[in-house]
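**Student:** let me see the structure of the following:
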Amino acid sequence: MPESFSPTTGSFITLSQGQDMVSAWITLQGDLSLSINEANPKASAFGKDRIQEILDQSGCEGIRIYNGYYDSKRRFVLVGVDENGNDMTSGNILEFSTPCPPYCAPLTSLG
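**Tutor:** Got it, this is the predicted structure:
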């Protein structure tokens, strides 16, 4: 693990790169004989206020996203990350997003 975690961790990508990544994940699901549905969503949406609550915690430099499983469904668990790269597990931990499907954007170029 690096000595410190930077608030600029991550890179912006192009729409085309995002499309390729989402398409590859969807193909992988088919190769594994897994259907994309509410139990295995291709995406989940979180409200900005909830994400901001994580980021507003003292010492928070970013967010880590874990894959989880609850109630027979894939989940995404978000937790703050401090400057040392440690999960801020004594703070806010976010889940119960809106999964896609069934709550997909009517028009999206990502897949």
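
**Student:** which residues belonging to the worst-scoring helix or strand of the chain on mean pLDDT are considered buried?
**Tutor:** Lowest on mean pLDDT, DSSP states H and E among the helices and strands of the chain sits strand 98-100, with a mean of 88. Neighbour counts over strand 98-100 (16 or more other Cβ atoms under 10 Å) mark 99, 100 as buried. Every residue, glycine included, has its C-beta placed from N, CA and C.

**Student:** sheet partners, orientation included, of it?
**Tutor:** strand 43-45 (antiparallel) (DSSP bridges).

**Student:** got any ranges where the protein has weak pLDDT?
**Tutor:** Residue ranges of the chain with pLDDT under 70: 1-2.

**Student:** quick one: contacts of the least confident helix or strand of the chain?
**Tutor:** 38, 41, 42, 43, 44, 45, 73 (Cβ atoms under 8 Å, 6 or more residues apart in numbering).

**Student:** residue 23 belongs to a helix?
**Tutor:** Yes: read with DSSP: H, G, I helix; E, B strand; the rest coil, residue 23 is one of the residues of a helix.

**Student:** that one contacts residue 110, correct?
**Tutor:** No: contact between residue 23 and residue 110 fails when scored by Cβ atoms under 8 Å: they sit 9.0 Å apart.

**Student:** residue contacts, the residue nearest the centre of the chain?
**Tutor:** Taking Cα atoms, centre = their mean as the criterion, residue 65 is the residue nearest the geometric centre of the chain, at 4.9 Å. Contacts of residue 65 were listed using Cβ under 8 Å, 6+ apart, and they are 76, 77, 78.

**Student:** any chance of the residues you listed in TSV with neighbour count and secondary structure as columns?
**Tutor:** Output for these, formatted as TSV (neighbours: other Cβ atoms under 10 Å; DSSP: H, G, I helix; E, B strand; the rest coil):
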residue	neighbour count	secondary structure
76	18	strand
77	16	strand
78	18	strand
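
**Student:** from those residues, pick the one nearest residue 49.
**Tutor:** Among these, residue 78 lies closest to residue 49 (Cβ to Cβ), at 13.1 Å.

**Student:** the closest one is in contact with residue 47, isn't it?
**Tutor:** No: checked against Cβ under 8 Å, the pair residue 78 and residue 47 is beyond contact range at 11.5 Å.
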